[in-house]
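S.K.: Quick one: sequence plus predicted model below, questions after.
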Amino acid sequence: MSEIKVAVRCRPFTIDDKLGVMLTQHSDEQGEVTLLNSEYSTTRFPFTYAWWSAYGYQHHAQGSPPEADEMQLIDQNAMYGSCGQAVKNDLLGGNAVVLFAYGLSGSGKTFTVFGPDAVDIPEAWFKHSQPHPMWGLFPRLAYDLFQMRDDRWKISMKYFQNVVDTVRDLMAPDVQERSYKDGMRKDADGFMDITWCSSVVLTSWDNLRETFMKANERKAISPTQFNHQSTRGHCIMTLEVEMPDPNDEAKKTSWASLHM
């Protein structure tokens with residue numbers, strides 16, 4: 001059965017301002033956001049996860065509001081601890097999992113899903129062969145999968161970018177581009193796939209890092225007011241995990257896929 005889980009994450013302040021939200025996690029999967037200083041008739045909204053990550057708020061939240069001190073700061077490790085195991089269990093249980101990040105440019109989408117990704121900084125997630133405190137959801141999950149992997153597993157990856165009405169195959173050395181309508185089909189799980197985009201089999205976590213670094217260099221990038229490394233379009237990565245059927249090890253079954 002399909003189930004949608006939604007997390008909201010509050011990033012650090014960029015300017016001095018009033019505290020605008022109160023984030024509360026009532027239980028493992030019951031979070032709540034309360035709007036402060038709001039004139040809306042509805043000020044409380046439920047989410048699966050409500051993550052307060054506004055480090056340094058003491059220097060920017062005007063009036064030192066007590067609500068800010070009551071909220072637990074959620075770092076990358078705590079974020080993965082909240083939902084990572086559930087995502088991994090869904091994936092290994094044969095389900096298609098989608099990680100979809102939505103928000104303004106510079107709001108922290110890439111940081112939450114991947115971690116720092118600028119090629120010119122040492123903290124970039126793909127520069128580390130071992131878990132790093134700044135890793136986002138995907139590298140932590142992928143690293144765990146490769147630690148569990150044996151020779152019977154097959155893990156393959158697609159990575160492409162949609163810029164307006166053009167699809168850019170980031171896995172292809174010659175960076176092929178075609179119309180978004182070309183080769184588009186719905187896969188067995190009901191997700192849209194671009195059939196002509198390259199699929200590469202990965203043998204290890206380090207192989208994934210190397211493959212991603214080469215592919216990432218082919219992205220269309222353009223600076224915005226808030227993010228000098230903004231991706232000018234939507235990037236879609238699919239990780240397919242093929243494992244032996246637990247009821248018949250002689251039979252291989254394509255169990256799961258992770259879409260981002």
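M.R.: Looks like it came in fine.

S.K.: all contacts plus neighbour counts: C-alpha atoms, from now on.
M.R.: Fine.

S.K.: Check the spacing between P122 and H132 real quick.
M.R.: Distance from P122 to H132, counting by CA to CA, to the nearest Å: 11 Å.

S.K.: These two: which is more packed in?
M.R.: More neighbours surround H132 than the other of P122 and H132, with 18 against 12 (other CA atoms under 10 Å).

S.K.: Identify the residues contacting the more buried one.
M.R.: Neighbouring residues of H132 by CA atoms under 8 Å, 6 or more residues apart in numbering: W125.

S.K.: So it: helix, strand or coil?
M.R.: For H132, the assignment made with DSSP: H, G, I helix; E, B strand; the rest coil gives coil.

S.K.: The helix or strand harbouring K158 pairs with which strands?
M.R.: Using DSSP states H and E, K158 sits within strand 154-163. On the basis of DSSP bridges, the sheet neighbours of strand 154-163 come out as strand 166-169 (antiparallel), strand 200-202 (antiparallel), strand 234-245 (antiparallel).

S.K.: what's the offset of that strand from the middle of its chain?
M.R.: Distance of strand 154-163 from the chain centroid (CA atoms, centre = their mean, to the nearest Å) equals 14 Å.

S.K.: So what touches that strand?
M.R.: Contacts for strand 154-163 (CA under 8 Å, 6+ apart): 167-171, 180, 197-203, 215, 219, 232-243.

S.K.: got the domain boundaries for the protein?
M.R.: Taking automatic domain parsing as the reference, the chain has its domains at 7-70, 76-259.

S.K.: chain center to the shortest one: distance?
M.R.: Averaging C-alpha positions (CA atoms, centre = their mean) puts domain 7-70 21 Å from its chain's average.

S.K.: Could you list the low-pLDDT ranges of the stretch 101-250 of the chain?
M.R.: 189, 221-233, 246, 248-250 (pLDDT under 70).

S.K.: would you list every one of the helices in it?
M.R.: Ranges of helices within the stretch 101-250 of the chain are 109-113, 137-148, 205-216, based on DSSP state H, counting those that start in this stretch.

S.K.: Off-centre distance for the second one?
M.R.: Going back to what we said before, that points to helix 137-148. On CA atoms, centre = their mean, the centre of helix 137-148 falls 12 Å from that of its chain.

S.K.: Helix 205-216 and that helix, what's the angle between them?
M.R.: 140 degrees (axes from the mean of the first three to the mean of the last three CA atoms, to 10 degrees).

S.K.: could you point out the longest helix in the chain?
M.R.: helix 76-92 (DSSP state H).

S.K.: Work out the gap between whichever helix or strand comes after it and the centre of the chain.
M.R.: Downstream of helix 76-92, the next assigned helix or strand under DSSP H and E is strand 96-98. Offset of strand 96-98 from its chain centre (CA atoms, centre = their mean): 11 Å.

S.K.: and strand 96-98, which strands flank it?
M.R.: Here, using DSSP bridges, strand 96-98 pairs with strand 248-259 (parallel).

S.K.: R209: what's its closest spatial neighbour, skipping adjacent residues?
M.R.: Among residues not flanking R209 along the chain, F126 sits closest, at 5.1 Å (CA to CA, 6 or more residues apart in numbering).

S.K.: hang on, that neighbour packs against A215?
M.R.: No: in this structure, F126 is not within contact of A215 by CA atoms under 8 Å, at 11.7 Å.

S.K.: quick one: which of those two has more around it?
M.R.: Between F126 and A215, F126 has the larger neighbour count (other CA under 10 Å), namely 25 against 19.

S.K.: Name all residues that make contact with the more buried one.
M.R.: 117, 209-210, 212-213.

S.K.: most centrally placed residue in this protein?
M.R.: Residue closest to the average C-alpha location in the chain (CA atoms, centre = their mean): V113, at 2.6 Å.

S.K.: Check the gap between it and C83 for me.
M.R.: Look at V113 and C83: by CA to CA, they are 12 Å apart.
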